[in-house]
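> Dropping a prediction and its sequence here:
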Amino acid sequence: MTNKTLIDEPLKVGEVAAIPGEIDARLQIVAGPDTGKILYLEDPITVLGREDDCHMVLDDPRVSNRHAIVYFAGGEFRARDLNSTNGSLINGSALTECAISDGDDIRVGKTVVRLVVDFRED
């Protein structure tokens with residue numbers, strides 16, 4: 001059984017989960033037109049693209065309107081290309097969908113977005 005999400009892409013029911021409170025994660029743009037921009041991840045699904053309703057709006061003409069997502073599922077962060085026109089790369093390799101970790105780079109258009117994960121101490 002599948003469930004349509006805000007990204008209009010089927011994800012398995014129960015696949016997406018809230019990010020645990022002890023995890024402090026953010027997406028940081030390290031190359032491209034929006035270098036320096038940071039988005040703290042609070043929602044379990046983050047959409048990257050040029051459309052105004054994306055969580056991380058990118059000012060890069062090579063980025064599709066809804067280019068890729070980063071989401072939390074099964075205790076890990078994952079990235080998925082949304083059948084974008086120019087594709088996406090994860091650490092230099094073609095991205096369809098995969099698990100991502102602290103320090104991994106996602107390239108969409110000329111923009112490179114890095115996942116940074118820290119753990120909060122009590």
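Thanks, I have it.
> If I look at Ile7, what pLDDT would I see?
You'll see Ile7 listed with a pLDDT of 46.
> for Gly74, that is, sorry about that
88.
> Tell me how many other residues crowd it.
A total of 12 residues lie near Gly74 under the criterion other CB atoms under 10 Å. Any C-beta I mention is one placed from the backbone N, CA and C, and that applies to glycine too.
> again, but for Asp43
So Asp43, with other CB under 10 Å, has 14 neighbours.
> Can you tell me the SS state at it?
coil (DSSP: H, G, I helix; E, B strand; the rest coil).
> roughly how far apart are it and His55?
From Asp43 across to His55, the span is 7 Å (CB to CB, to the nearest Å).
> quick one: the strands in the protein?
2-4, 10-12, 23-31, 38-40, 45-49, 56-57, 68-73, 76-81, 88-90, 93-94, 97-100, 105-108, 111-119 (DSSP state E).
> Could you dump the ones you listed into JSON lines with mean neighbour count added?
Converted to JSON lines, the strands of the chain look like this (neighbours: other CB atoms under 10 Å):
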{"stretch": "strand 2-4", "mean neighbour count": "10"}
{"stretch": "strand 10-12", "mean neighbour count": "14"}
{"stretch": "strand 23-31", "mean neighbour count": "16"}
{"stretch": "strand 38-40", "mean neighbour count": "13"}
{"stretch": "strand 45-49", "mean neighbour count": "24"}
{"stretch": "strand 56-57", "mean neighbour count": "19"}
{"stretch": "strand 68-73", "mean neighbour count": "23"}
{"stretch": "strand 76-81", "mean neighbour count": "19"}
{"stretch": "strand 88-90", "mean neighbour count": "19"}
{"stretch": "strand 93-94", "mean neighbour count": "9"}
{"stretch": "strand 97-100", "mean neighbour count": "16"}
{"stretch": "strand 105-108", "mean neighbour count": "22"}
{"stretch": "strand 111-119", "mean neighbour count": "17"}
